[in-house]
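Student: no FASTA, just this:
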């Protein structure tokens, strides 16, 4: 049975991703910064009839928490098949390049970039034991530099200096990570779940959590002939599903 660790999975897209992967027969380690909220999320899934799920406390802003989560998971399994780096924050809007406080930049980068890097590095040894390891980094359409420089893009005027920069940096990190793992069975991709109605954006997005999670699940379950080092986005590229970087 394949195993999955999802960060920030106690609600919204992460939670629905856990549910959909459970439906496909995966064993889920549901990551949550808050231990109690993680347990409540697992209880909810178990009340729906899913039993192959456990909570794991992991705060991606805290290296000690990441290391503790790796130690805890290592006592349960020796192989991790899928890592979904889902935890993220917006930093609040508006965020202008000239007025956004540097502390907000640091906070957003701590979660959206450095947390992903430290989590990936902490769990890479377990992932390397899988015959078909998958890493899915959750990005945003706002992380596309090409589209941000295109006045005809539908979100051209949606500029968040901190958030956009953090997701663009995450995309760049993913490209390098995929390159380093290019001669292995790893598939490493970023996925834009789309403009989805969640707490993240005060439920302003038109997309559903169900559809957003399905995009993550598709990348997490990609076959051996599937692509790596891609930027998947049905929102930005409805025809091809591949967004420009």
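Tutor: Arrived safely. Source: prediction; values computed, not measured.

Student: for residue 237, which non-adjacent residue is closest in space?
Tutor: residue 243 (5.0 Å; C-beta to C-beta, 6 or more residues apart in numbering). All C-beta spots, glycine's among them, are computed from the backbone N, C-alpha and C.

Student: what residues are up against the one you found?
Tutor: 141, 144, 147, 192, 231-233, 236-237 (C-beta atoms under 8 Å, 6 or more residues apart in numbering).

Student: which one's the longest helix in the chain?
Tutor: Using DSSP state H, we find that the single longest helix of the chain is helix 161-180.

Student: what ranges do the helices span in the protein?
Tutor: Going by DSSP H, the chain shows helices at 12-23, 35-47, 63-74, 102-109, 115-127, 145-148, 161-180, 209-220.

Student: which one of the ones you listed lies nearest to residue 57?
Tutor: In terms of C-beta to C-beta, the element of those nearest to residue 57 is helix 35-47, at 4.6 Å.

Student: so which residues make contact with the closest one?
Tutor: 9-11, 15, 18-19, 22, 28, 30-32, 53-57.

Student: quick one: pLDDT of the residue nearest to the spatial centre of the chain?
Tutor: Centroid-nearest residue in the chain: residue 86, 2.6 Å away (criterion: C-alpha atoms, centre = their mean). Residue 86 carries a pLDDT value of 98.

Student: can you offset everything so residue one is 46?
Tutor: New numbering, starting at 46: the last item is residue 131.

Student: quick one, what contacts it?
Tutor: Residues counted as contacts of residue 131 (C-beta under 8 Å, 6+ apart) are 51-54, 58-59, 62, 183, 261.

Student: compute the inter-axis angle for the longest helix of the chain and helix 147-154.
Tutor: With axes from the mean of the first three to the mean of the last three C-alpha atoms, to 10 degrees as the basis, helix 206-225 and helix 147-154 are set at 40 degrees to each other.
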